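Enquirer: Let's see this in three dimensions:
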Amino acid sequence: MSAKPRDHPYSSRSAETSEGSARSKPQAGAGTAQEEPLAAGLYLVSTPIGNLSDITLRALEVLRRAKRIACEDTRTTRKLLSAHGIATPTTAYHDHSDARARESLLRELRAGAAIALVSDAGTPLVSDPGFKLVRDALAEDLPVTSLPGPSAPLAALSLSGLPSDRFLFAGFLPPKAGARRKSLQEVGALQASLLFLEAAPRLAASLADMAEVLGPRQAAVARELTKLHEEVRRGALNDLADHYAAAGPPRGEIVVVVGPPEESGAPDAADLDSQLRSALRGSSLRDAAAIVAAASGLPKRQVYARALELSKEMGEGNSEEER
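Expert: Below is the predicted model of the structure:
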């Protein structure tokens, strides 16, 4: 485990530093470019995931010069804007906004307005609202551009110590165990690191399901990234599951990074049978075969056929029809 202290995003020291900077430079990107109108279009602006200082000069300029800022939560965004001395009008736009709210923004874009879209934290559309608005704007050939910046999944990946050349961001896993294990089975065989978001109350159960489905892979649990109590705990999935089961739900936003399958070669017949017997004791025939196939890299059909034979030998009678 490693933990690195950071300025808390809403601490007085962090806010004073940001606000003081805004007052000394009231116009980000000052000069002739600042006096020109901001080009029309939809601007996808990445915002800090914790520390308010983690925002780019270009983002501040667009937020200041835009006609309107569409926010996931106007109260959250107002804290950021106030810290940097920005008074641009805001409007709520989130996953529960209806088509009328989206049409209102599109109408302004058609009229030549510059509108910034932000989420509460991080990069818009990455497990955050905005996809429908972007899709509709592009369908009408309206200008859309992205201002890159903070992203919790990428920050967690870079801190995890796990391979970062290939990765899959899978967002939140389903809350129910059966659906969660099925989702893990679908991605388990990928030769890539896996990135998940998770809610604190479900963390221990999710890690236990990951250990069961994916095997004893190395993983990292990152929370409170860029904040005062930033922490990254690393270890095998089963060890992490045991830790959080005993310690209880941690505080803060959580990203789980799981390493790719180890290239240890396919198991021999005895190992395969041992893995299947263990999986069959707690799962259906189909699920047991899928779990072992994902962990071993063997063809699903081959593993399923052997699982069917073993289930009969074990007297389970768990044919697919019975399950």
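
Enquirer: Check for me that L117 belongs to a strand.
Expert: Yes - membership of L117 in a strand is supported by DSSP: H, G, I helix; E, B strand; the rest coil.

Enquirer: what sits against it?
Expert: L42, Y43, L44, V45, I69, A70, Y93, P124, G130, L133, V134 (C-beta atoms under 8 Å, 6 or more residues apart in numbering). Just so you know, the C-beta spots here come from the backbone N, C-alpha and C atoms, and that holds for glycine as well.

Enquirer: avg pLDDT for the host helix or strand of E309?
Expert: Secondary structure from DSSP states H and E places E309 in helix 300-313. Per-residue pLDDT over helix 300-313 has a mean of 86.

Enquirer: Can I get it in PDB? Just the C-alpha atoms.
Expert: Backbone C-alpha positions of helix 300-313 (Å, rounded to 0.1, in the frame of the first residue of the first chain) are rendered in PDB as follows:
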ATOM      1  CA  LYS A 300     -15.100 -22.300 -23.600                       C
ATOM      2  CA  ARG A 301     -16.500 -25.300 -25.400                       C
ATOM      3  CA  GLN A 302     -13.700 -27.600 -24.300                       C
ATOM      4  CA  VAL A 303     -14.000 -26.400 -20.700                       C
ATOM      5  CA  TYR A 304     -17.800 -26.800 -20.700                       C
ATOM      6  CA  ALA A 305     -17.600 -30.300 -22.000                       C
ATOM      7  CA  ARG A 306     -15.300 -31.300 -19.200                       C
ATOM      8  CA  ALA A 307     -17.400 -29.500 -16.600                       C
ATOM      9  CA  LEU A 308     -20.400 -31.400 -17.800                       C
ATOM     10  CA  GLU A 309     -18.500 -34.700 -17.300                       C
ATOM     11  CA  LEU A 310     -17.300 -33.700 -13.900                       C
ATOM     12  CA  SER A 311     -20.700 -32.600 -12.700                       C
ATOM     13  CA  LYS A 312     -22.100 -36.000 -13.500                       C
ATOM     14  CA  GLU A 313     -19.300 -37.700 -11.700                       C
END
